[in-house]
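Asks: The following comprises the amino acid sequence and a computationally predicted model.
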Amino acid sequence: MSISSFEAIHYRGIDGLSLQNMSRANLITGVNGIGKTALIEAIWIFTGRRNPGLLWNTNVQRSNHPVIDPVAELSDSFIELRGKENGKEDKWKVEFEPFEQVERVSFDTWDASESAQIPVAGRLHAWIDDNLIDHGGQSMHDTPRGAVLYGMPPRLTKKGVCIIEGTSWQLVTPDEYLQRYSDMVREGHKQALTKAINLILPGIKDIELLTDKTGKSYLSANTSANVQLPLQALGGGVVRLFRLYLNLFTARSGMVIVDEVENGMHYSVLRDLWSLVRSAIHEWDVQFVATTHSDECIDAAMTAFEREPDALSIHKLYTDESEGVKAITFTGETLEGARDFHLEVR
């Protein structure tokens, strides 16, 4: 998976916002509230465009409150996104058709003879390049008022994973990260993970998966003084770095998106952080997209990629009085020039 250009044609308040010259590593910057988070949400949705059910994701909706019409929370009428992935340009559009009725819907997981009377509150219609995504399969999203139906292709094309990491993460490690950790250990990357954690805490010599008295698994760090501490007890920066490294490993040949990548990190470790990211995205063939509002983070990224400036793009969002939110991209020679002339890229 590699996206070389992207445009949010109609999504939240960033209509017509276009990113050109996307590189292996991408850093999106701009003043608070300009739309950085909305932009990376839109990129994540676009990478999963054959699964409209992503629109109900709580990170996209920014709420745990259940909704029937996910489009209404993200746009006034429809969502439209465009991007070039692996050299092929796709346009994706989705609309919601509300209605109230009862239909007999058979579930694939049930016996063919079984069906249920369920209220159907609406239907999502999605198109890729003006072709309706409807291959005879039918999926649904349950809400308190009934189900929403949407077309789903019966077989999805195998592709790289796209993982998004927001800012509202918890110190408690979810089960999906315990599984990612187990996968990394099985494939022999445990020492590399511990070395990554040492960027923040040099005294950590091992990370282990343990089980408490209730049978619940958790991650524990073993210090050089042979003290076992739960990972979350080591602070937000350690948890953030741990999850970032696991995401890069899990998304091999795919994409990792991180909102406010420097969140929880002291500015003194940012250069090492970006060196780690640069090595990981090359080793595991990952495209990386992150937002920041930190000048130190921008400088650290430019330092990490100073020998390969074409591999880094910095996209600065700004407001045009007549056209709304726009982006200017620094990459390659323009990125070198921005640094040489002390241009403010934030």
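Replies: Great, that's in hand.
Asks: where does the stretch 1-150 of the chain have low pLDDT?
Replies: By pLDDT under 70, the weakly predicted segments of the stretch 1-150 of the chain are 100-119, 134-138, 144-147.
Asks: could you pull out the strands for it?
Replies: Remark: strands assigned in the stretch 1-150 of the chain by DSSP state E, counting those that start in this stretch are 3-10, 17-19, 25-29, 78-85, 88-105, 116-128, 131-132, 138-143, 146-151.
Asks: Show me the one of those strands that comes nearest Leu276.
Replies: Checking the strands of the stretch 1-150 of the chain against Leu276 by C-beta to C-beta gives strand 25-29 as the closest, at 11.8 Å. Using the backbone N, CA and C atoms, a C-beta is placed for each residue, glycine as well.
Asks: mind listing what the closest one pairs with, with the direction of each?
Replies: strand 287-292 (parallel), strand 312-320 (parallel) (DSSP bridges).
Asks: ok, and which of the ones you listed has the densest surroundings?
Replies: Neighbour counts (mean count of other C-beta atoms under 10 Å) averaged over each of those peak at strand 287-292, with a mean of 25.
Asks: immediately after that one, which helix or strand?
Replies: helix 295-304 (DSSP states H and E).
Asks: what distance separates that following helix from the centre of its chain?
Replies: Distance, stretch centre to chain centre, for helix 295-304: 21 Å (C-alpha atoms, centre = their mean, to the nearest Å).
Asks: circling back to that earlier point, how about the strands paired with strand 25-29 in CSV, adding distance to Ser268?
Replies: What follows is the strands paired with strand 25-29, written out as CSV (distance: least, C-beta to C-beta, whole Å):
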stretch, distance to Ser268
strand 287-292, 16
strand 312-320, 21
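Asks: closest one to Phe78 among the ones you listed?
Replies: strand 312-320 (22.9 Å).
Asks: List the pairing partners of the next helix-or-strand element following that closest one within its sheet, with orientation.
Replies: For strand 312-320, the following helix or strand on the C-terminal side (DSSP H and E) is strand 324-331. Strand 324-331 has the following sheet partners, assigned by DSSP bridges: strand 312-320 (antiparallel).
Asks: any residues touching the partner strand, and which ones?
Replies: Strand 312-320 is contacted by residues 17, 19, 21-31, 34-36, 39, 298, 301-302, 304-305, 325-331, 335, 338, 345-346 when judged by C-beta atoms under 8 Å, 6 or more residues apart in numbering.
Asks: Just put the strands paired with strand 25-29 in TSV and tack on distance to Ala192 and mean pLDDT.
Replies: Below are the strands paired with strand 25-29 laid out as TSV (distance: least, C-beta to C-beta, whole Å; pLDDT from 0 to 100):
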stretch	distance to Ala192	mean pLDDT
strand 287-292	17	96
strand 312-320	22	94
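Asks: right, so of those, which gets closest to Lys213?
Replies: Here strand 287-292 is closest among the strands paired with strand 25-29 (C-beta to C-beta), at 38.8 Å.
Asks: what sits up against the closest one?
Replies: For strand 287-292, the surrounding residues in contact (C-beta under 8 Å, 6+ apart) are 1-3, 22, 24-29, 36-37, 39-40, 43, 248, 254-262, 277, 281, 298.
Asks: go with 7 Å
Replies: Strand 287-292 has contacts (C-beta atoms under 7 Å, 6 or more residues apart in numbering) with 1-3, 24-29, 36-37, 40, 43, 255-262, 277, 281, 298.
Asks: re the thing from before, output the strands of the stretch 1-150 of the chain as a markdown table; include the columns mean neighbour count and distance to Leu273.
Replies: Below are the strands of the stretch 1-150 of the chain laid out as a markdown table (neighbours: other C-beta atoms under 10 Å; distance: least, C-beta to C-beta, whole Å):
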| stretch | mean neighbour count | distance to Leu273 |
| --- | --- | --- |
| strand 3-10 | 20 | 23 |
| strand 17-19 | 21 | 23 |
| strand 25-29 | 26 | 12 |
| strand 78-85 | 19 | 27 |
| strand 88-105 | 14 | 32 |
| strand 116-128 | 17 | 36 |
| strand 131-132 | 10 | 42 |
| strand 138-143 | 16 | 37 |
| strand 146-151 | 21 | 39 |
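Asks: Could you export those as TSV, including distance to Val161?
Replies: Shown next, in TSV, are the strands of the stretch 1-150 of the chain (distance: least, C-beta to C-beta, whole Å):
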stretch	distance to Val161
strand 3-10	14
strand 17-19	21
strand 25-29	17
strand 78-85	14
strand 88-105	18
strand 116-128	20
strand 131-132	25
strand 138-143	20
strand 146-151	22
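Asks: Of the ones you listed, which is nearest Pro174?
Replies: With C-beta to C-beta as the criterion, Pro174 lies closest to strand 138-143 of the strands of the stretch 1-150 of the chain, at 21.1 Å.
Asks: so what's the closest residue to Asp175 other than its chain neighbours bridging to?
Replies: Among residues not flanking Asp175 along the chain, Ser217 sits closest, at 8.0 Å (C-beta to C-beta, 6 or more residues apart in numbering). Legend: beta-bridge partners of Ser217 under DSSP bridges are Thr211.
Asks: right, and Ser217 touches Thr211 too?
Replies: Yes: shown here, Ser217 and Thr211 form a contact pair, counting by C-beta atoms under 7 Å, at 5.3 Å.
Asks: Which of those two has more residues huddled nearby?
Replies: Each of Ser217 and Thr211 has its neighbours counted (other C-beta atoms under 10 Å); Ser217 has more, 14 against 9.
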